[in-house]
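Asker: Need a 3D model of the sequence below.
(chains A and B)
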Amino acid sequence: MVTQATKQNTLSQENLIKTKTMCLALPAQIVALDPANNMATASVDNVKVEVSLALVDNVAIGDYVLVHVGYALNKIDEDEALKTLALFAEAGLTSSV
Amino acid sequence: MKYISEFRQQDLARQLAKGIAQTVDPNRHYRLMEFCGGHTHAIFRYGVQDLMPDNVEFIHGPGCPVCVLPTGRIDNAIQLAERPDVILCTYADLMRVPATGRNSLLKAKAGGSDIRMVYSTQDVLKIARENPEKQVVFFAIGFETTTPPTAVVIKQAQAEGLANFSVFCNHVLTPAAMQAILDAPQPVAIDAFLGPSHVSTVIGSRPYEVFAERYAKPIVIAGFEPLDVMQSALMLIRQLNDGRHEVENEYSRAVTRQGNQKAQALVNEVFELRPQFEWRGLGLIPDSALKIKADYADFDAEQRFNMPAIQASDVKGCECPAILRGAKKPQDCKLLGTVCTPENPMGSCMVSSEGACAAYWSYGRVRG
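Answerer: As a prediction, the model looks like this:
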């Protein structure tokens, strides 16, 4: 049961990544590099996709990138992400003071 | 999922909603245009509109590339695909867009044309390498996010001498469309813009500065997750309350002022501005689209196949053009949910998952 559910979930994730994303991009973690072809393997929730690194520089294993139509568009800046999350938490608090 | 789930947390959404409710001036109406179809989708999928006070209205913009592509260009692509020597490759989103005479790429494929859906432009090169006896044409559409991957493969094809590969280029530009909306003869009332997420990762936040200055419109570059949209709306509301009109960047984890300069350089190397291009809903807009430069003309399908300019009209009664300008909402269209559904779309806004009509239909806003 669990395996089936997990499999379905994985398939739907893959479907999400591969068919719904012409305009969307998803954050994915680089798990393997193929420098000879300027490609990498990226993982979203354990679903692996092949991505081209033609549009980015200095990508390392462990980095998070935005994946769009099979290309890494940009690296995601962790410090900035944390700052934005902190802003959300402040919103309700500061205005209620 | 890192960088996804944290930006969808319900408790933070409630907190943000509270912050917004306390910040809005009850005596004014806030009309925020989300330019990008991805934002429209997020607003409906996560019920962001319902978390907003009644006087905060989202106006859906033209940022859905499938939606703004005029019917004539789909007709062009179908004509090309009907040639026995052609394999036409395209992103899945385009397959069901209505063409003239109730046709579509999907119907053309069913009728025997060799049309292939691809996930990445790299797939198109692979198909071209594997089918040297065929002409392999990539039907390229999209805003600035989708253009660099097309530039990459045109350069690759040139380097490989892949003579059977070409591109039918329909790439369009966000700032030009924003300007067209602001300069329209009967402009839609918009107080501020939620700026695109992923387009901005490529072009940066700088191209929007002219709109903040010249048109006095606040712009906040917003991430695609629901909390990003809410935070960005709050930032816009604060700017409007303070009488400021600046470009602010909520999506700083992926967007810088300069953008992705490597991607920009690739695009500039391969493409140049078209003098004008037709947009569904917005008409002819000067300098709003790209064509392939003379250095890469060998890969330009429009030249290779001498493709004609086709003027085509939309389905009668379809309100897509007005919806794309922000002048109407999907519920104003008589066809919505009656004859026009995702299974049987009459207009492009119902086809793409980013289209406003598809968002209304999918998330229960029809007749609601």
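
Asker: Tell me, how many residues neighbour residue B:35?
Answerer: 30 (other Cβ atoms under 10 Å in any protein chain shown). The C-beta positions use only the backbone N, C-alpha and C, and glycine is treated the same way.

Asker: again but with residue B:103, I slipped
Answerer: The burial count for residue B:103: 15, using other Cβ under 10 Å.

Asker: how much space between it and residue B:79?
Answerer: Separation of residue B:103 from residue B:79 (Cβ to Cβ, to the nearest Å): 10 Å.

Asker: Could you give the residue of chain B that lies closest to chain A?
Answerer: Relative to chain A, the nearest point of chain B is residue B:120 (2.7 Å; Cβ to the nearest Cβ).

Asker: now the strands: where do they sit in the chain?
Answerer: Because you didn't say which chain, this covers chain A. Secondary structure of chain A by DSSP state E: the strands cover A:26-34, A:39-44, A:47-52, A:64-68, A:71-75.

Asker: my bad, the chain I had in mind was chain B
Answerer: B:30-36, B:56-63, B:86-91, B:114-118, B:135-142, B:165-171, B:192-195, B:219-221, B:247-249, B:271-273, B:276-279, B:283-286, B:290-292.

Asker: Turn those into JSON lines, columns for distance to chain A and mean pLDDT.
Answerer: Shown next, in JSON lines, are the strands of chain B (distance: least, Cβ to the nearest Cβ, whole Å; pLDDT from 0 to 100):
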{"stretch": "strand B:30-36", "distance to chain A": "8", "mean pLDDT": "95"}
{"stretch": "strand B:56-63", "distance to chain A": "8", "mean pLDDT": "93"}
{"stretch": "strand B:86-91", "distance to chain A": "4", "mean pLDDT": "97"}
{"stretch": "strand B:114-118", "distance to chain A": "8", "mean pLDDT": "97"}
{"stretch": "strand B:135-142", "distance to chain A": "7", "mean pLDDT": "97"}
{"stretch": "strand B:165-171", "distance to chain A": "13", "mean pLDDT": "98"}
{"stretch": "strand B:192-195", "distance to chain A": "15", "mean pLDDT": "97"}
{"stretch": "strand B:219-221", "distance to chain A": "12", "mean pLDDT": "98"}
{"stretch": "strand B:247-249", "distance to chain A": "9", "mean pLDDT": "98"}
{"stretch": "strand B:271-273", "distance to chain A": "15", "mean pLDDT": "98"}
{"stretch": "strand B:276-279", "distance to chain A": "16", "mean pLDDT": "96"}
{"stretch": "strand B:283-286", "distance to chain A": "19", "mean pLDDT": "94"}
{"stretch": "strand B:290-292", "distance to chain A": "16", "mean pLDDT": "98"}
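
Asker: Let's have those strands in TSV, adding distance to residue B:327.
Answerer: Formatted as TSV, the strands of chain B follow (distance: least, Cβ to Cβ, whole Å):
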stretch	distance to residue B:327
strand B:30-36	11
strand B:56-63	9
strand B:86-91	28
strand B:114-118	33
strand B:135-142	23
strand B:165-171	24
strand B:192-195	16
strand B:219-221	20
strand B:247-249	25
strand B:271-273	27
strand B:276-279	14
strand B:283-286	13
strand B:290-292	27
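
Asker: Residue A:82 is nearest to which of those?
Answerer: Nearest to residue A:82 among the strands of chain B is strand B:247-249 (15.3 Å), distances taken as Cβ to Cβ.

Asker: Which other helices and strands does the closest one contact?
Answerer: strand B:219-221 (3 or more Cβ pairs under 8 Å, 6 or more residues apart in numbering or on different chains; DSSP states H and E).

Asker: May I see the buried residues of the strand it packs on?
Answerer: Within strand B:219-221, the residues that count as buried by 16 or more other Cβ atoms under 10 Å in any protein chain shown are B:219-221.

Asker: if we look at that strand, which residues are touching it?
Answerer: B:192-197, B:200, B:205, B:208, B:211-212, B:232, B:235-236, B:239, B:246-251, B:255 (Cβ atoms under 8 Å, 6 or more residues apart in numbering or on different chains).

Asker: Stretch A:25-34 too?
Answerer: A:16-17, A:40-44, A:48-49, A:51, A:53, A:59-68, A:72-73, A:76, B:1-4, B:145, B:197-198, B:201, B:224.

Asker: Just want the most central residue of chain B.
Answerer: residue B:64 (2.6 Å; Cα atoms, centre = their mean).

Asker: could you list every residue that touches it?
Answerer: Counted by Cβ under 8 Å, 6+ apart, residue B:64 has contacts A:23, B:36-37, B:40, B:324, B:348-349, B:352, B:354-356.

Asker: repeat for residue B:167
Answerer: Applying Cβ under 8 Å, 6+ apart, the residues near residue B:167 are B:137-138, B:140, B:150, B:153-154, B:292, B:299-301.

Asker: The same query, at a cut-off of 10 Å, please.
Answerer: Contact analysis of residue B:167 by Cβ atoms under 10 Å, 6 or more residues apart in numbering or on different chains lists B:89, B:121, B:124, B:137-140, B:150-151, B:153-154, B:157, B:270-271, B:292, B:296, B:299-302, B:304.

Asker: Out of the contacts of stretch A:25-34, which end up buried?
Answerer: By 16+ other Cβ under 10 Å, the contacts of stretch A:25-34 give A:17, A:40-42, A:44, A:49, A:51, A:53, A:59, A:63-68, A:72-73, A:76, B:1, B:3, B:145, B:197-198, B:201, B:224 as buried.

Asker: Residue B:50 is in contact with residue B:17, isn't it?
Answerer: Yes: Residue B:50 lies in contact with residue B:17 (Cβ atoms under 10 Å); the separation is 9.2 Å.

Asker: out of these two, which sits in the busier spot?
Answerer: residue B:17 (19 against 9).

Asker: and that one, what is it in contact with?
Answerer: A:91-92, B:48, B:50-53, B:230, B:234 are the contacts of residue B:17 under Cβ under 10 Å, 6+ apart.

Asker: From residue B:318, how far out is the closest residue in space to residue B:109 that isn't next to it in sequence?
Answerer: Spatial nearest neighbour of residue B:109, chain neighbours left out: residue B:115 (4.2 Å); criterion: Cβ to Cβ, 6 or more residues apart in numbering or on different chains. In this view, residue B:115 and residue B:318 are 24 Å apart by Cβ to Cβ.

Asker: Just the buried residues of the biggest helix by length in chain B, please?
Answerer: Longest helix in chain B by number of residues, with DSSP state H as the criterion: helix B:226-242. For helix B:226-242, burial by neighbour count (16+ other Cβ under 10 Å) applies to B:226-240.

Asker: So which of those is the closest to residue B:312?
Answerer: Using Cβ to Cβ, these come closest to residue B:312 at residue B:229, 34.5 Å.

Asker: didn't the closest one look like it was pressed against residue B:56?
Answerer: No: counting by Cβ under 10 Å, residue B:229 stays clear of residue B:56, with 11.5 Å between them.

Asker: okay, and the common contacts of the two?
Answerer: B:32, B:48-49.

Asker: Going through the residues you listed, which ones are buried?
Answerer: Among the shared contacts of residue B:229 and residue B:56, those buried by neighbour count (16+ other Cβ under 10 Å) are B:32, B:48.

Asker: For residue B:179, state which of the shared contacts of residue B:229 and residue B:56 is nearest.
Answerer: residue B:32 (18.1 Å).
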